[in-house]
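S.K.: Got a sequence here, can you build the structure:
(one chain, ligands or ions: 1)
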Amino acid sequence: MVRRVLVIGAGTSGLVGIKTCLDEGLEPVCFESSDDIGGLWRFKESQSESDGTSIYRSLVTNTSKEMMCFSDFPMPAHYPNYLHHAQLLQYYRLYTEHFGLRRHITFQSGQWDVMTVDQDGLEKEHVFDGLLVCSGHYTQPVLPLGQFPGQEQFTGRCLHSWEYKDADAFRGKRVVIVGIGSSGADIAVEISRSAAKTFLSTRKGTWVMGRMSSGGLPLDMVSISRFTKTLTKLLPKWLINWAAERVLNQKYDHRLYGLMPSKRFLDAATLINDDLPGRILQGALVMKTHLCGFTGSGLVFEDGTVEDDIDAVIFCTGYRASFPFLPESLSDGPGGELTLYERVFPPSLERPTLAFMGSCHLATKERMLLVIESQRKRLRSSPRDAALEVDYIPYLDSMAHQIGVRPNILRLFLTDPKLGLKVFLGPCTPYQYRLTGPGRWKGARQAIYTQWDRVAQPFRTRALQEPESRRSGALSLWLLSGVAMVMSCSVLWWRTLE
Ligand SMILES: Cc1cc2nc3c(=O)[nH]c(=O)nc-3n(C[C@H](O)[C@H](O)[C@H](O)COP(=O)(O)OP(=O)(O)OC[C@H]3O[C@@H](n4cnc5c(N)ncnc54)[C@H](O)[C@@H]3O)c2cc1C
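M.R.: Okay, the predicted model is just below:
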C-alpha cells in the first residue's frame, strides 16, 4: 500500500517536500492554510493575524539565484542574480507547474491535527503514515515593548517589521528602527530616503558586506565553496578574524560608522546590505546605541543621548517559530524549545515519522541527543536559535552523507577531474547534491558546468564586442571567480606577513 504523507504548508519547504514524496513513491497530501503557494515570498498588501508570515514591498533576496534554487531545477538563465520577491514567487510557480505539484495541495485547509477544519468549519479526519512540517519559522513577531520603561506614555507609533510594507507612511517623519538584522537594515535604508531623519539602534553592532564580490560577482558564489571552507579550517581563527576585519574595514571603518560589533568576525552577526554605509555617509541614517526607554515623544539610548520628537519606532526584533499543532511533548529542550536532530527530526519519537523536512537513515536516539547537545555548545547560541542555525557546507554534507548523496571529491578528481575541480573550487551550489546516490539527477553535471553562464546571462543586455582572447563569457566568469578567490586567500596570507 502506498504510504501517505501529510505536508503542512506550501512554501519553499512544502513544495520541495511534496516533490520529494512523489520521487520516493509516497503519496503527499499538502494542506496550505492560505489560498496560494509561496509562503513567505507571497507579498500581501495588508496583513492580518492569521497570515503568519509577512514581507515588505521592496524585499530582494540576499542569497543569489544559483545558491538558492532547487537542486534539480535551475532558475531561468535570464533571472537576475538577486531576485525581487515577486520573481522568486514566479520561480516557485514554474517549479510547481513543472513537477505537477499543485494537485496535491489543498488550500485554505485550516488547522491540522490529524483532523482538518476548513473555512466553513467542516471537520475531516485523516490518517497519515508520516508528517512533514513545512509551516515556516517566521510566524510570530517578537515585540519586546515591555522591556522599555516609559513605553506606555510614548506619543508616537510602535510597530513590528511584520507590519511594515513600504516607507509611504514615514515620509517627512522622524523614525527609529530597532535592530540591525536583514529586515532592520533594509527598512532603515528605505525609510531614510524619504523620512526627515532615520535612526538605527543596535545593541551588538554587525559586520556589513554587500551582495557584490570582486568583479561584481555574487558574494555567495565566490565565498561559499569547499575550497574556502577547507582554508578556514586550516587557518587559525585569530588570523581569519584579523584578516577579514581588516578587509571589511578597508571599505568603511566599522568603528567610525558606528557599526562595530562587540564580537570578532567569526563570532559576530554579519549583515548583507549594499546601501547601509552609503546612507550613513550621507547623514540620512544615524547609528544609535541600544534603546533604553521612552520619554513622552523621545527615546533614550544606552549612551545617555535622547532623540526627541520621534514619530514612529519600528521594532525589527525578529520572529519566534511556533508550531501550535504539534504535541507539547516535542518541545523538550532546556528552554522548552523544540529539540531537533540535524534541525529536522525530533529524537523523542519512537519511529521517525515526523520531520521538519525530508527523510533519511537516522542515527540512534542517543546519538541524536549527543549531536544536538554538541551543536548547541559549538554554535553558542540561544537554544531557540540553535534549533535553526547551521554551519552551511558541513551541515549540508552531513545530511547528504546520511542520505548517500554527498559528493566524493577524491573519486571525482580521479574519474572526472574537471568536474572535481568545479565542485571543489567553485561555489557549493545545490546541484552538487544531485550528482550521486538516491535522487541523482542527470542534469546535475551540466547545471554545474553552466552555473556561471546563468550568472552572466542577466548582464547581457547591452551587446558589447568580446575581446578576441576571451573564449566565452562563462569561461571568463569562471576565471574571474577563481582569481577573486585566490586574491582573497592571498590577502589573508599577505596580511599575516605585514
Ligand atoms: C525578510 C526575510 C528575508 C529572507 N531572505 C532570504 C534569502 O534571501 N534567502 C534565503 O534562502 N532565505 C531567506 N529567508 C528565509 C525564508 O524563510 C526562506 O527562504 C523560505 O521562505 C522558508 O520557506 P518555508 O516553506 O520553510 O516557510 P514559509 O515560506 O513561511 O511557508 C510556510 C507556509 O506554511 C503555511 N502554513 C503555516 N501554518 C500552517 C498550518 N497550520 N496549516 C497549513 N498551512 C500552514 C503558510 O501559509 C505558508 O504558506 C528570508 C526570510 C525573511 C523573513
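
S.K.: show me where pLDDT drops low in this protein?
M.R.: In the predicted model, the chain carries pLDDT under 70 at residues 47, 49-51, 109-119, 332, 334, 357-390, 468-498.

S.K.: The same query, at a cut-off of 50, please.
M.R.: Applying pLDDT under 50 to the chain flags residues 111-112, 358-362, 380-388, 491-498.

S.K.: And what about the residue most central in space within it, helix, strand or coil?
M.R.: The C-alpha lying nearest the average C-alpha coordinate of the chain belongs to T63 (CA atoms, centre = their mean; 7.1 Å). Following DSSP: H, G, I helix; E, B strand; the rest coil, T63 is assigned to coil.

S.K.: who's in contact with the closest residue to Y319 other than its chain neighbours?
M.R.: Nearest non-adjacent residue to Y319, counting by CB to CB, 6 or more residues apart in numbering: Y138, 4.3 Å away. Backbone N, C-alpha and C define where each C-beta goes, glycine included. Contacts for Y138 (CB atoms under 8 Å, 6 or more residues apart in numbering) come out as 40, 52-53, 319, 321.

S.K.: Quick one: mark the members of those that sit in helices.
M.R.: Among those, DSSP state H puts none in helices.

S.K.: from those, which are also near the ligand?
M.R.: Checked against the ligand using CB under 6 Å from any ligand atom, the contacts of Y138 yield the following neighbours: 40, 52-53.

S.K.: who in this protein is up against the ligand?
M.R.: Residues of the chain lying close to the ligand by CB under 6 Å from any ligand atom are 8-14, 31-34, 39-41, 52-53, 55, 59, 61-63, 68, 109, 111-112, 134-136, 138, 182-183, 325.

S.K.: Buried ones among those?
M.R.: Neighbour counting by 16 or more other CB atoms under 10 Å classes 8-14, 31-34, 39-41, 52-53, 55, 59, 61-63, 68, 109, 112, 134-136, 138, 183 among these as buried.

S.K.: Show me those residues that map onto helices.
M.R.: Residues of these located in helices (DSSP H): 12-14, 68, 183.

S.K.: So of the residues you listed, which two are at opposite extremes in space?
M.R.: Within these, G14 and S183 form the most distant pair, 22.6 Å apart (CB to CB).

S.K.: any idea how far P347 is from D303?
M.R.: D303 sits 45 Å away from P347, going by CB to CB, to the nearest Å.

S.K.: I meant L26, not that one.
M.R.: Distance of L26 to P347, given as CB to CB: 22 Å.

S.K.: Which one's more surrounded, those two?
M.R.: Using other CB atoms under 10 Å, the more surrounded residue of L26 and P347 is P347, with 22 against 18.

S.K.: where's the more buried one relative to I403, distance?
M.R.: Here the criterion is CB to CB. By it, P347 lies 18 Å from I403.

S.K.: What residues are bridge-paired with the nearest residue to V7 once chain neighbours are set aside?
M.R.: Spatial nearest neighbour of V7, excluding adjacent residues (CB to CB, 6+ apart): C30 at 4.1 Å. Taking DSSP bridges, one obtains V7, I105 as the residues bridged to C30.

S.K.: How many neighbouring residues does C30 have?
M.R.: Look at C30: counted by other CB under 10 Å, it has 26 neighbours.

S.K.: pretty sure it contacts R4?
M.R.: No - C30 is beyond contact range of R4, at 11.3 Å (criterion: CB atoms under 8 Å).

S.K.: contacting residues around whichever residue of the stretch 51-200 of the chain sits closest to the ligand?
M.R.: In the stretch 51-200 of the chain, the residue that lies nearest the ligand is G136 (2.4 Å; CB to the nearest ligand atom). Each residue near G136 by CB under 8 Å, 6+ apart is listed here: 9, 11, 13, 39-40, 52-53, 321.

S.K.: how does it look with 10 Å?
M.R.: G136 is in contact with 8-9, 11-14, 39-40, 52-53, 319, 321-323, counting by CB atoms under 10 Å, 6 or more residues apart in numbering.

S.K.: Which one of the residues you listed is nearest to G296?
M.R.: For the contacts of G136, the nearest to G296 is Y319 (29.9 Å; CB to CB).

S.K.: and the gap between the closest one and T228?
M.R.: Applying CB to CB, the value for Y319 to T228 is 30 Å.

S.K.: same thing with K422?
M.R.: 14 Å.

S.K.: what about the two, which has more around it?
M.R.: When K422 and T228 are compared for neighbours, K422 comes out ahead with 21 against 18, by other CB under 10 Å.

S.K.: Please parse the protein into its domains.
M.R.: With automatic domain parsing as the criterion, the domains of the chain are listed as 4-139+320-397, 143-317, 405-457.

S.K.: any chance of these in JSON lines, with distance to L464 too?
M.R.: Converted to JSON lines, the domains of the chain look like this (distance: least, CB to CB, whole Å):
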{"stretch": "domain 4-139+320-397", "distance to L464": "17"}
{"stretch": "domain 143-317", "distance to L464": "15"}
{"stretch": "domain 405-457", "distance to L464": "12"}
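
S.K.: Between those domains, which one is closest to A463.
M.R.: Counting by CB to CB, A463 lies closest to domain 405-457 out of these; the figure is 13.1 Å.

S.K.: What does the closest residue to W162 other than its chain neighbours show for phi and psi?
M.R.: Distances taken as CB to CB, 6+ apart place P141 nearest to W162, at 4.1 Å, with adjacent residues excluded. When read as degrees, to the nearest 10, the backbone of P141 gives phi -60, psi 140.

S.K.: for E328, same thing?
M.R.: Main-chain torsions, E328, degrees, to the nearest 10: phi -60, psi -30.

S.K.: ok, now H160?
M.R.: When read as degrees, to the nearest 10, the backbone of H160 gives phi -100, psi 150.

S.K.: surely it meets Y319?
M.R.: Yes - contact criterion CB atoms under 10 Å: H160 and Y319 qualify, at 9.0 Å.

S.K.: Overlap in contacts, these two.
M.R.: Both H160 and Y319 are in contact with 54, 141-142, 183, where contact means CB under 10 Å, 6+ apart.
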